[in-house]
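Visitor: build the 3D model from these lines:
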Amino acid sequence: MKQLQSSLSPALIAVAAAGSGILACLVAIVAFDYRLAALGRADLASAREVGLVYFVPCLSAAVVGAALAVRRPRHPVGWLFLALGLSFVAAGVIDSYAAYGAVARPGALPGAALAAVVGDATFVPWLALLGLIMLLTPSGHLTARPWRLAAWATGLSAIVSFACIMLRPYQGDYAHLGIIRNPLALPLLAGPVATANLVALLVLQSGVLAGAVSLVVRYRAARGAARRQLRWLGWAAVPVACLLVGAFAASLLNNQVVVALLTGGFVGIIPITAALAIERYHLYDVERLVSRGVSWTLLSAILAGCYAGVVIVVGKLPGQFGGAGQLPAILATLATVSLLGPARRLLQDGLDRRFNRRRFDAVATIRRYLREPSPSATVEGGLRDALGDETLAVAYWIDERARWVGADGSPASPDAAAIVLRRHDQPVCAITCDPRRAERGLAEAVAGEARTELENARLRAAITLQLVEVRASRARIAAAQLAERHKLERNLHDGAQQRLLATALQLRAAEVSRSPERALEAIAAAVGQLQLAIRDLRDLANGLLPALLSDGGLAAALDDLVSRTPVPIRLRATDRRYPAPIEETAWFIACEAVANAVKHAAPRSVAISAEHAGDRLRLVIEDDGVGGAVPTGGGLRGLADRAEAVGGHLTVAERPGRGTIITAELPCAS
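Guide: Numbering: from 1, shown residues only. The predicted structure follows:
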């Protein structure tokens with residue numbers, strides 16, 4: 001229970017309490033009216049009056065206030081609407097209490113006379129709340145000094161008027177009976193109290209009229225969306241003023257029926273027009289909550305009716321299908337479950353069309369895209385059209401690469417506020433949109449409709465990423481091969497080629513001189529140069545592919561690498577033979593990794609491990625140097641390309657200050 005309470009917002013708890021209070025008041029009114037009818041005093045019952053005159057303003061004020069208070073708890077108008085609805089039913093309870101305890105059965109209930117006096121003053125809070133609502137709509141704060149003065153005057157005059165009514169002799173509906181006495185009355189001050197009450201009422205009603213005038217003034221001064229928001233309430237200000245003046249005149253003439261009708265009219269106009277503004281112009285941005293609440297309420301009623309209907313009908317069938325067995329409950333449950341999905345969709349679509357038009361239009365747009373996709377359109381474009389946000393971007397999570405990419409395989413970086421769709425606790429995509437153009441709840445609803453298409457788009461993005469990587473890898477391999485050819489050309493030109501050219505020139509010079517001694521010297525020098533050229537060519541050939549690799553395998557080639565490296569190397573290598581491409585790739589990776597470590601990391605030692613792991617050759621080169629390896633650099637990226645070219649992969653683990661670990665896993669199946 002404590003965990004449930006902690007998960008509920010204070011606003012939701014307050015609204016639930018207010019709703020419970022309204023329901024309790026309605027129950028109390030019905031109970032009092034039932035007791036009055038049992039006493040033969042049905043003429044004192046107030047349920048009919050409340051139902052006919054005040055039910056609509058009470059319901060509209062309570063619903064609009066509850067929706068606004070939950071959605072935007074910092075906006076004062078929601079709480080004022082809720083207080084207005086609660087004040088209606090509270091007045092009904094007070095009147096019923098007074099009718100039963102002070103008129104039908106005098107002395108049966110404590111404080112019944114005082115309740116009658118309070119009931120005579122309950123119209124004062126209605127007027128004050130109504131005036132404040134009009135002054136504070138739609139921004140929730142008073143922007144101009146005249147309206148701030150009007151708000152203060154409205155509040156203070158309401159307090160003074162309420163106090164005067166509580167201190168004057170009782171003048172309510174039952175005053176002609178002469179059986180109710182105000183225990184708080186001050187007979188000696190009856191004249192000043194009556195005067196103060198009249199002045200306070202005039203100021204209070206002037207404050208309500210000021211609220212109506214403020215709506216008209218602000219409507220005329222507003223532009224764009226603000227003008228559309230105030231249009232309904234601005235138009236309602238005129239009849240509110242007329243009805244208010246008429247109710248005041250009727251009260252002076254003591255015509256209570258007309259007073260009740262006019263009061264219910266002008267008090268009910270504002271909540272109703274606010275609801276219309278919510279539907280058409282999103283005045284308080286609570287249409288989504290209203291839509292959801294009404295949807296679930298109607299759905300619950302339909303399902304309950306379906307369940308009860310099936311139970312009743314099946315239970316009355318004769319024979320084995322009827323009776324009091326479990327069959328009616330089972331059939332009712334099946335029927336209710338079958339009706340749940342279609343009924344919810346139909347109700348939600350119909351209510352969204354009226355109360356949450358933005359969501360309805362957005363969902364309809366994305367559904368139209370999913371139903372009739374264009375070959376040139378993308379799901380990202382469909383989301384942009386549905387939400388009206390051209391800046392919307394979708395990033396897809398590629399689990400194999402552990403990174404976000406766009407639909408074209410390019411790297412992506414969704415921000416922290418992005419909407420992340422998941423499947424089995426794994427990210428599918430992240431949708432980044434402008435919250436000023438599409439609120440988060442609306443974006444989540446549209447993304448939920450397109451979930452399946454977004455999952456398909458993620459698979460396409462993964463394939464596109466692989467194609468991009470393959471193309472980039474091929475380009476790097478081609479560039480590396482060209483660089484190797486240029487390097488080989490330079491080595492041949494600067495080494496063996498120069499020696500052979502020099503030897504040829506020496507022999508040509510000996511031939512021209514025709515001196516046997518010089519010829520012998522040239523031949524001896526030529527033999528030496530040829531031996532050096534052969535050694536250069538052998539070294540060059542070993543640099544491309546050592547003979548030990550093909551003769552003795554990977555272990556022998558790595559052992560030769562250890563003997564030629566100036567840094568101590570610990571070698572642990574399997575004697576198992578592998579396909580030639582795998583051995584050549586492993587040897588090249590080991591040579592390049594060791595050369596990079598010796599050249600850039602200044603290690604004290606290097607460790608090489610080449611072991612058989614399942615169906616793979618696992619090659620690990622670890623050094624204890626200064627680190628600083630860049631996995632995306634040309635050298636390491638080239639090693640990764642070599643590994644990927646034979647179906648393997650290479651990873652680089654950087655340990656700042658403690659060296660680098662390069663791991664290559666190569667498939668070793670023949």
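Visitor: and the nearest residue to Asp120 once chain neighbours are set aside, what's its pLDDT?
Guide: In space, Asp120 comes closest to Gly172 once its chain neighbours are excluded; the distance is 3.7 Å by Cβ to Cβ, 6 or more residues apart in numbering. All C-beta atoms are positioned from the backbone trio N, CA, C, and that covers glycine. With respect to pLDDT, Gly172 scores 79.
Visitor: on the three-state scheme, Gly172 is what?
Guide: Using DSSP: H, G, I helix; E, B strand; the rest coil, the three-state assignment for Gly172 comes out as coil.
Visitor: so it makes contact with Val118?
Guide: No - with contact defined as Cβ atoms under 8 Å, Gly172 does not count as touching Val118 (9.6 Å).
Visitor: what about the residue nearest to Asp120, distance to Ala83?
Guide: If you measure Gly172 against Ala83 using Cβ to Cβ, to the nearest Å, the figure is 22 Å.
Visitor: do the same with Thr503
Guide: Using Cβ to Cβ, one gets 109 Å for the distance from Thr503 to Ala83.
Visitor: in the protein, which residue is most central in space?
Guide: Per Cα atoms, centre = their mean, the C-alpha nearest to the average position across the chain is that of Arg440, at 4.4 Å.
Visitor: chain neighbours aside, what residue packs nearest to it?
Guide: Sequence neighbours aside, Ile419 is the residue nearest to Arg440 in space, at 6.7 Å (criterion: Cβ to Cβ, 6+ apart).
Visitor: quick one, phi psi at the one you found?
Guide: When read as degrees, to the nearest 10, the backbone of Ile419 gives phi -90, psi 120.
Visitor: Gly172 and Ala83: which has the busier surroundings?
Guide: Using other Cβ atoms under 10 Å as the criterion, Gly172 and Ala83 rank with Ala83 on top: 21 against 18.
Visitor: just checking, what packs against the host helix or strand of that one?
Guide: Taking DSSP states H and E as the definition, one finds Ala83 inside helix 76-98. Under the contact definition 3 or more Cβ pairs under 8 Å, 6 or more residues apart in numbering; DSSP states H and E, helix 76-98 sits against helix 10-38, helix 55-71, helix 112-120, helix 123-136, helix 256-281.
Visitor: can you put these in JSON lines and add mean neighbour count and distance to Val213?
Guide: What follows is these, written out as JSON lines (neighbours: other Cβ atoms under 10 Å; distance: least, Cβ to Cβ, whole Å):
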{"stretch": "helix 10-38", "mean neighbour count": "16", "distance to Val213": "30"}
{"stretch": "helix 55-71", "mean neighbour count": "23", "distance to Val213": "21"}
{"stretch": "helix 112-120", "mean neighbour count": "23", "distance to Val213": "29"}
{"stretch": "helix 123-136", "mean neighbour count": "24", "distance to Val213": "9"}
{"stretch": "helix 256-281", "mean neighbour count": "20", "distance to Val213": "14"}
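Visitor: out of the ones you listed, nearest to Cys433?
Guide: When these are ranked by distance to Cys433, counting by Cβ to Cβ, first place goes to helix 55-71 at 20.2 Å.
Visitor: what about the closest one, average pLDDT?
Guide: Computed over helix 55-71, the mean pLDDT rounds to 77.
Visitor: packing partners of it?
Guide: Packing contacts for helix 55-71, counted by 3+ Cβ pairs under 8 Å, 6+ apart, involve helix 10-38, helix 76-98, helix 256-281, helix 287-315.
Visitor: any idea of the angle it forms with helix 10-38?
Guide: What separates the directions of helix 55-71 and helix 10-38 is an angle of 160 degrees, with axes from the mean of the first three to the mean of the last three Cα atoms, to 10 degrees.
Visitor: how distant is the one helix or strand Asp641 maps to from the center of its chain?
Guide: Following DSSP H and E, the helix or strand that holds Asp641 is helix 634-645. Averaged C-alpha coordinates place helix 634-645 at 40 Å from its chain's average position (Cα atoms, centre = their mean, to the nearest Å).
Visitor: what of stretch 616-634?
Guide: 41 Å.
Visitor: ditto for stretch 114-123
Guide: What separates the centre of stretch 114-123 from the centre of its chain is 48 Å, taken as Cα atoms, centre = their mean.
Visitor: same thing with stretch 153-173?
Guide: Using Cα atoms, centre = their mean, the distance between the centre of stretch 153-173 and that of its chain works out at 49 Å.
Visitor: for stretch 588-603, same thing?
Guide: Going by Cα atoms, centre = their mean, the spacing between the C-alpha centre of stretch 588-603 and its chain's C-alpha centre is 48 Å.
Visitor: what average pLDDT does it get?
Guide: What stretch 588-603 shows for mean pLDDT is 85.
Visitor: just the CA trace of it, in CSV.
Guide: Once side chains and other backbone atoms are set aside, the C-alpha atoms of stretch 588-603 remain, and they are given as CSV (Å, rounded to 0.1, in the frame of the first residue of the first chain):
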residue,chain,number,x,y,z
PHE,A,588,50.3,-10.5,-40.6
ILE,A,589,48.2,-9.3,-37.6
ALA,A,590,50.8,-10.5,-35.2
CYS,A,591,53.7,-8.8,-37.1
GLU,A,592,51.9,-5.5,-37.5
ALA,A,593,50.7,-5.5,-33.9
VAL,A,594,54.2,-6.2,-32.5
ALA,A,595,55.7,-3.6,-34.9
ASN,A,596,53.2,-1.0,-33.7
ALA,A,597,53.8,-1.8,-30.1
VAL,A,598,57.6,-1.6,-30.4
LYS,A,599,57.4,1.6,-32.5
HIS,A,600,54.8,3.6,-30.5
ALA,A,601,54.3,2.1,-27.0
ALA,A,602,57.8,1.5,-25.8
PRO,A,603,56.9,-1.8,-24.1
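Visitor: low-confidence bits of the stretch 401-550 of the chain, can you list those?
Guide: For the stretch 401-550 of the chain, the stretches with pLDDT under 70 are 473, 475-499, 501-502, 505, 510-511, 532-533, 535-547.
Visitor: where do the strands sit along it?
Guide: Listed in chain order, the strands of the stretch 401-550 of the chain (DSSP state E, counting those that start in this stretch) span 403-405, 419-423, 426-432.
Visitor: for Asp624, find the nearest of the ones you listed.
Guide: strand 403-405 (29.6 Å).
Visitor: so what does that closest one touch, helix or strand wise?
Guide: So strand 403-405, by 3+ Cβ pairs under 8 Å, 6+ apart, packs with strand 393-398, helix 451-494.
Visitor: let's go with 6 Å and repeat that
Guide: For strand 403-405, the packing partners by 3 or more Cβ pairs under 6 Å, 6 or more residues apart in numbering; DSSP states H and E come out as strand 393-398.
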